[in-house]
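1. Quick one, fold the following:
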Amino acid sequence: MMYRIEKVLNHNTVMAIHQDDHKEVLIMGKGVGFGRKVAERIEVRPEDRLYSLQKYKERGGAKEIVKNYKVDGIHMDDYFYPSFTKRNVKKAFDAKEYNKSSYKKKKKSIYTYRRAQVNTLVKQMKKAVKSVDPNVSYGISPAGNIDNLTSKYSYYVDIYKWLNSTEYVDYICPQVYWGFKHPTAKFNKVTDRWIKAAKSKKVKLYIGIAVYRAGHNVGQNRAERKEWKSDTKVLKKQVQYARKKYVDGFAFFDYQDLKSKTSAEAVNQLKTVLK
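-> Okay, here's the model as predicted:
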């Protein structure tokens, strides 16, 4: 049987794809991966052990959840790539894989390579969910600062592509976890920027609201700390502001703070505009 190497795990193990039915397998055997390269053809020897990965791929992931449970949606948080510095951005983490990739050969940057990896993950996740139940929603709650998402040093989220396509997500729910008094990321300014970015309406825009900050002395300056600590209408005003801008909905983080004594007054005010 002939296979094409997908990844060399070590000298004695490779992941490969059958050349005819394209099923993914794990090939284990003495020296089977030694000196081998990705895309190279390999023939399974009688002494090698062959394991099908197909039956494991549907376990423990989004596809299994949709298949076995009555869920309305699959939601991902905002963690994709670690943060880098100018010093290590081209050397750390997956730099080795990039240097062996077609992106490097075609002189495409490592930033482009990393965004492509995230795009592939997100697209495949949606495809997997919809293959089981087209009515189940799939979305992501990225960090609220768009500049961080598009940075060369973190996240590698191709957010404008996601927002202008139906291939990646059904909705985006940015974590706009700042108050109106934040010195550089005011709630209204950040929300306006997301609304502008999502103007194609191909993807629903939900706004993430920081219930966990209500009633607490938190913030970037004195004015924001006072806002979260003392303004019992802060959550209510955020919802009212975003509604005037015709966003598609809201998500409140987190559940325990919807029930806590510290945030109770702000949550009670919030409920008056959610009925």
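2. pLDDT of stretch 223-230, averaged?
-> Mean pLDDT, stretch 223-230: 98.
3. May I see the buried residues of that stretch?
-> Neighbour counts over stretch 223-230 (16 or more other Cβ atoms under 10 Å) mark Glu224, Arg225, Glu227, Trp228, Lys229 as buried. Every residue, glycine included, has its C-beta placed from N, CA and C.
4. how about the third one, what does it touch?
-> Contact partners of Glu227, counting by Cβ atoms under 8 Å, 6 or more residues apart in numbering, are Gly179, Phe180, Lys181, Gly219, Val234.
5. go on, the fourth one?
-> By Cβ under 8 Å, 6+ apart, Trp228 lies in contact with Gly179, Arg213, Ala214, Gly215, His216, Asn217, Val218, Gly219, Val234.
6. Derive a PyMOL selection command for the buried subset of the residues you listed.
-> In PyMOL, this line selects whichever of these come out buried by 16+ other Cβ under 10 Å:
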select buried, resi 179+213+214+215+218+219+234
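7. out of the contacts of Trp228, who's nearest Asp78?
-> Ranked by distance to Asp78 (Cβ to Cβ), these are led by Arg213 at 17.2 Å.
8. Touching, that closest one and Tyr177? I think so.
-> Yes. Taking contacts as Cβ atoms under 8 Å, Arg213 lies within contact range of Tyr177: 6.8 Å.
9. So what's the residue count around Ala95?
-> 17 (other Cβ atoms under 10 Å).
10. What is the burial count for the closest residue to it other than its chain neighbours?
-> Distances taken as Cβ to Cβ, 6 or more residues apart in numbering place Ile110 nearest to Ala95, at 6.6 Å, with adjacent residues excluded. Neighbour count of Ile110, defined by other Cβ under 10 Å: 22.
11. tell me the pLDDT at Ile110?
-> 97.
12. Gly60 too?
-> 58.
13. Equivalent analysis for Lys202, please.
-> pLDDT at Lys202 comes out at 98.
14. same check, this time on Ile195
-> Ile195 carries a pLDDT value of 98.
15. tell me the contacts of Gln218?
-> No Gln there; residue 218 is Val. Each residue near Val218 by Cβ under 8 Å, 6+ apart is listed here: Glu224, Arg225, Trp228, Lys229.
16. let's see it at 7 Å
-> Arg225, Trp228 (Cβ atoms under 7 Å, 6 or more residues apart in numbering).
17. which element is it on?
-> Following DSSP states H and E, there is no helix or strand that holds Val218.
18. same check, this time on the one 5 residues further on
-> With secondary structure defined by DSSP H and E, Ala223 is part of helix 222-230.
19. From the geometric centre of this structure, which residue sits farthest away?
-> When distances are taken from the C-alpha mean of the chain, Pro46 lies farthest, 42.1 Å away, according to Cα atoms, centre = their mean.
20. can you confirm that one is in a strand?
-> No. Counting by DSSP: H, G, I helix; E, B strand; the rest coil, Pro46 is not part of a strand but coil.
21. picking that back up, between the contacts of Glu227, which is closest to Thr85?
-> Gly219 (27.0 Å).
22. if I look at the closest one, how far off is His182?
-> Using Cβ to Cβ, to the nearest Å, we find Gly219 at a distance of 7 Å from His182.
23. Trp194 now?
-> 15 Å.
24. swap in Asp170?
-> In terms of Cβ to Cβ, Asp170 sits 29 Å off from His182.
25. Equivalent analysis for Arg49, please.
-> 57 Å.
26. swap in Lys91?
-> Lys91 is 34 Å from His182, by Cβ to Cβ.
27. Which one's more surrounded, the two?
-> Set Lys91 next to His182 and count neighbours by other Cβ under 10 Å: His182 wins out with 20 against 11.
28. Can you list the buried residues in the top strand by length along the chain?
-> Longest strand in the chain by number of residues, with DSSP state E as the criterion: strand 2-10. Buried positions in strand 2-10, judged by neighbour count with 16+ other Cβ under 10 Å: Tyr3, Ile5, Val8.
29. cool, stretch 183-194 as well?
-> Here stretch 183-194 shows Ala185, Lys186, Phe187, Asn188, Val190, Thr191, Arg193, Trp194 as buried, counting by 16+ other Cβ under 10 Å.
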